[in-house]
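# Okay, predicted coordinates and the sequence, questions at the end:
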Amino acid sequence: MRIYADFHIHSRYSRATSKEMSVPNLAYWAEKKGLNLLGTGDFTHPIWLRELKTVLKPSEFEGFYSYKGTFFILTAEINTIFEREGRTHRIHHLILAPDFEAVESLNAILGERGDLISDGRPSLQMTPAEL
């Protein structure tokens, strides 16, 4: 099977993102565009995570979930902000998680470092190595 994927997705809980971003809409447009695997985006956001747990079903492939024929993998983007040699740096990291249990563990740690509810793509004061 050929895989056509887009892992860099955001939910409606990210700033400057359509309020129409939902799992059903993502699956609908993935099919229209010929994609069969999508990242969920924004698993760090508690409301979006709750929706993902409700809507997505485990697939026959470990680490993948499905919704009406479209496969999903749990993803999030995290922006690390840190200073080095007198300059501020911002690096965006795309995180892929194997299951909801791993997501919950990571979110618990990240939640101690910053606000996960104000934006679907959190900006956290830490270095990439700390992440």
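On my side now, so go ahead.
# Show me the beta-bridge partners of the nearest residue to residue 56 once chain neighbours are set aside.
The shortest distance from residue 56 to any residue other than its chain neighbours is 3.8 Å, reached at residue 65 (CB to CB, 6 or more residues apart in numbering). To be clear about C-beta, it is placed using only N, CA and C from the backbone, and glycine gets the same treatment. In this entry, residue 65 is beta-bridged to residue 58, residue 72, by DSSP bridges.
# Straight-line length of stretch 79-88, end to end?
By CA to CA, to the nearest Å, the extent of stretch 79-88 from end to end equals 13 Å.
# What mean pLDDT does it get?
Averaged across stretch 79-88, pLDDT comes to 97.
# cool, and stretch 24-38?
Per-residue scores along stretch 24-38 average to 97.
# Name the residues that touch it?
With contacts defined as CB atoms under 8 Å, 6 or more residues apart in numbering, stretch 24-38 is touched by 1, 3-7, 9, 55, 64, 67-73.
# Ok, stretch 100-110 next?
Stretch 100-110 has contacts (CB under 8 Å, 6+ apart) with 43-44, 46, 49, 52-53, 74, 76, 78, 95, 97, 116, 122, 124.
# Take those and keep only those in strands.
Taking DSSP state E, the ones among the contacts of stretch 100-110 that sit in strands are 74, 76, 78, 95, 97, 124.
# Hmm, the second one is touching residue 41, no?
To tie it back to what came earlier, the one meant is residue 76. Yes. Residue 76 is in contact with residue 41 according to CB atoms under 8 Å; the separation is 6.7 Å.
# Done for today, thanks.
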